[in-house]
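Asks: below is the sequence, then the predicted model.
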Amino acid sequence: MLNRLGDAQRQQRELIEDAAHELRTPMASLRTNVEFLIHAGYRLDKTDRTELLTDLDRQSVELAQLVGNLVDLARSRTVDEPAKTIDLTELTAEAVDLAGAHFPQTAYALHAPQPVTVLAQPGALQRAVVSLLDNAAKFSPAGQTVDVHIDQRTTSSGQYADLSVADQGPTIPADQRERIFQRFYRLDHARSVPGSGLGLAIVQQTAAAHGGTVTIFARPGGGNVFILTIPAAPPTTT
Ligand SMILES: Nc1ncnc2c1ncn2[C@@H]1O[C@H](COP(=O)(O)OP(=O)(O)O)[C@@H](O)[C@H]1O
Ligand SMILES: [Mg+2]
């Protein structure tokens, strides 16, 4: 018990230290731009001024996303959302709508040949699925189709629900496939794309909280497949 408490405290402290470190850079560049505007803004012509303001706007959106993700990460450690028996296809269809609104140029194809029920924290699970769907769109060229499959599998240790997300973007090199789940870790190609590097850490934490895992494979023919596996639950009869 004391050990677990110590672990939780250590993890919380690490998260706060990492967060402080990661917030420092975007805060500093935001302040540099604002200070520049205050002291030298009058010297800029209209185009440069607009460019600087657009940059500021983007930086503040990114900062807000980073803070939002940090809150998610801290919250899923401390607050226990009640678990419910839910239809995984329904939850995924809602997640597809949300991701589709974020990335209108990406088509999401949902394949769910049979109903799959899970015992899950709906809010946390949906955030995790949206995170995988967002990644599939944002690291791939526009106009691609992301294939989302939901299946149920019987193993010797019971029934499992598999939710897979397959994209057609650049294949993540094999030696990076574990590291992308570390918080704040992003590959070089992600520099030009907004994000905090916290999404997959949250997905992994959520999978573990549900007694499951998240794994990644290279998609044959190019791209990546992320598979979220959690125990399936018998449907409730009402
Ligand atoms: N579907 C994907 N295709 C290519 N690279 C990906 C994909 N998903 C994740 N990555 C890589 O893993 C990194 C970590 O992902 P994530 O934790 O969601 O952070 P973020 O989306 O904020 O960059 C990304 O920055 C990117 O480099
Ligand atoms: Mg992400």
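Replies: Nice, thanks for sending it over. Numbers count the residues shown, from 1 in each chain. Ligands and ions are numbered 1, 2, ... in the order given.
Asks: next secondary structure after the lengthiest strand in the chain?
Replies: Secondary structure assigned by DSSP state E gives strand 145-155 as the longest strand of the chain. For strand 145-155, the following helix or strand on the C-terminal side (DSSP states H and E) is strand 158-166.
Asks: show me what that next one is packed against.
Replies: helix 88-102, helix 122-138, strand 145-155, strand 224-231 (3 or more Cβ pairs under 8 Å, 6 or more residues apart in numbering; DSSP states H and E). C-betas here are computed from N, CA, C, even on glycine.
Asks: report whether that strand contacts ligand 1.
Replies: No: using Cβ under 6 Å from any ligand atom, strand 158-166 never reaches ligand 1; the gap is at least 7.6 Å.
Asks: what does the protein have sitting close to ligand 1?
Replies: Residues of the chain found near ligand 1 (Cβ under 6 Å from any ligand atom) are 131, 135-136, 139, 167, 169-170, 172, 180, 186-187, 189-190, 195-201, 224.
Asks: 8 Å - rerun?
Replies: Within the chain, the positions lying close to ligand 1 (Cβ under 8 Å from any ligand atom) are 69, 131-132, 134-136, 138-140, 165, 167, 169-172, 176, 180-181, 183, 185-190, 193-203, 223-224, 226.
Asks: now do the longest strand of the chain: which elements does it pack against?
Replies: Here strand 145-155 is seen to pack against helix 88-102, strand 107-111, helix 122-138, strand 158-166 when contacts are counted using 3+ Cβ pairs under 8 Å, 6+ apart.
Asks: dump those to a markdown table, plus distance to residue 6, mean neighbour count and mean pLDDT.
Replies: A markdown table is the format used below for the helices and strands packed on strand 145-155 (distance: least, Cβ to Cβ, whole Å; neighbours: other Cβ atoms under 10 Å; pLDDT from 0 to 100):
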| stretch | distance to residue 6 | mean neighbour count | mean pLDDT |
| --- | --- | --- | --- |
| helix 88-102 | 35 | 17 | 95 |
| strand 107-111 | 43 | 14 | 97 |
| helix 122-138 | 25 | 22 | 94 |
| strand 158-166 | 32 | 20 | 97 |
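Asks: in the protein, what residue comes closest to ligand 2?
Replies: Relative to ligand 2, the nearest point of the chain is residue 199 (2.7 Å; Cβ to the ion).
Asks: residues touching the nearest residue to that residue once chain neighbours are set aside, list them.
Replies: Distances taken as Cβ to Cβ, 6 or more residues apart in numbering put residue 131 closest to residue 199, at 4.2 Å, once the chain neighbours are dropped. Taking Cβ atoms under 8 Å, 6 or more residues apart in numbering, we find residue 131 in contact with 199, 200, 202, 203.
Asks: helix or strand: which one has the third one?
Replies: Looking back up the chat, that one is residue 202. Going by DSSP H and E, residue 202 is part of helix 199-209.
Asks: let's see that helix as PDB, backbone CA atoms only.
Replies: Extracted C-alpha coordinates of helix 199-209, given in PDB (Å, rounded to 0.1, in the frame of the first residue of the first chain):
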ATOM      1  CA  GLY A 199      -1.400  11.600 -27.200                       C
ATOM      2  CA  LEU A 200       0.000   8.100 -27.400                       C
ATOM      3  CA  ALA A 201       1.200   8.200 -23.700                       C
ATOM      4  CA  ILE A 202      -2.400   8.800 -22.800                       C
ATOM      5  CA  VAL A 203      -3.600   6.100 -25.200                       C
ATOM      6  CA  GLN A 204      -1.200   3.600 -23.500                       C
ATOM      7  CA  GLN A 205      -2.300   4.700 -20.000                       C
ATOM      8  CA  THR A 206      -5.900   4.300 -20.900                       C
ATOM      9  CA  ALA A 207      -5.400   0.900 -22.500                       C
ATOM     10  CA  ALA A 208      -3.600  -0.300 -19.300                       C
ATOM     11  CA  ALA A 209      -6.300   1.100 -17.100                       C
END
